[in-house]
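> Could you look at this predicted model? Sequence included:
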Amino acid sequence: MPRYVAFLRAINTPGRTVKMDRLRSTFASLGLDDVETFIASGNVIFASDGEDLTDRIEAALEAEIGFPIPVYLRTADEVIAVADIRPFGDADGEMEISFLPADPDPERVGELIGTATGSDRLAVVGREVYWLHSGPRAQSDHREATVVKLLGMPTTQRSARTVQRIADNHLR
């Protein structure tokens with residue numbers, strides 16, 4: 001049975017606290033198998049033969065939790081590929097990965113890449129934006145709001161370390 005990872009947007013931010021056991025039970029109530037969560041930032045791993053998973057999951061989460069929660073669904077193979085991509089080679093720094101709901105417009109991607117300043121580097125591969133920063137996130141000029149504005153779509157962001165741990169410990 002195919003495995004998936006649902007990256008949920010804005011879970012456990014101020015005013016939007018969701019317990020992981022509640023997430024697991026909501027996913028299981030949809031008939032999804034082997035449901036597990038990884039850290040309390042909205043990463044749900046599961047197996048399913050179903051269809052229209054994103055729409056079903058978003059509807060169930062809103063009904064159960066009480067507010068809309070965008071879902072960025074990836075197959076196990078897609079998450080492994082995202083974890084293995086090194087768009088900046090062996091450059092030093094910390095990398096963050098923003099998941100997008102669809103492939104972005106190439107012209108907008110060019111605009112986004114042009115916003116990288118200082119030690120920040122940006123790359124877009126498929127439905128993911130990779131951001132490498134050499135210093136603390138808070139000291140960077142780059143903001144996730146810039147990605148949302150320039151690409152015209154919402155995102156959810158994870159550290160590359162988190163994505164790597166999901167791939168290595170739950171999918172390979």
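Cool, the structure landed.

> export whichever strand or helix holds residue 7 as CSV, just CAs?
According to DSSP states H and E, residue 7 maps onto strand 3-8. Output of strand 3-8 as CSV, limited to C-alpha atoms (Å, rounded to 0.1, in the frame of the first residue of the first chain):
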residue,chain,number,x,y,z
ARG,A,3,2.8,5.6,1.9
TYR,A,4,2.3,9.4,2.1
VAL,A,5,3.4,12.3,4.2
ALA,A,6,0.9,15.1,4.8
PHE,A,7,2.7,18.4,5.7
LEU,A,8,0.1,20.5,7.5
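
> So which elements touch the helix or strand that comes right after that strand?
Sequence-wise, the next helix or strand downstream of strand 3-8 (DSSP H and E) is helix 20-28. Secondary-structure packing of helix 20-28 (3 or more CB pairs under 8 Å, 6 or more residues apart in numbering; DSSP states H and E): strand 33-37, strand 43-47, helix 53-65. (C-beta placed from N, C-alpha, C; glycine too.)

> again, only this time at 6 Å
In terms of contacts (3 or more CB pairs under 6 Å, 6 or more residues apart in numbering; DSSP states H and E), helix 20-28 is packed against strand 33-37, strand 43-47.

> who's in contact with residue 46?
By CB atoms under 6 Å, 6 or more residues apart in numbering, the residues touching residue 46 are 4, 27, 32, 35.

> would CSV of those with distance to residue 168, pLDDT and neighbour count be doable?
Below are the contacts of residue 46 laid out as CSV (distance: CB to CB, whole Å; pLDDT from 0 to 100; neighbours: other CB atoms under 10 Å):
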residue, distance to residue 168, pLDDT, neighbour count
4, 17, 98, 22
27, 22, 98, 26
32, 22, 98, 24
35, 19, 98, 19
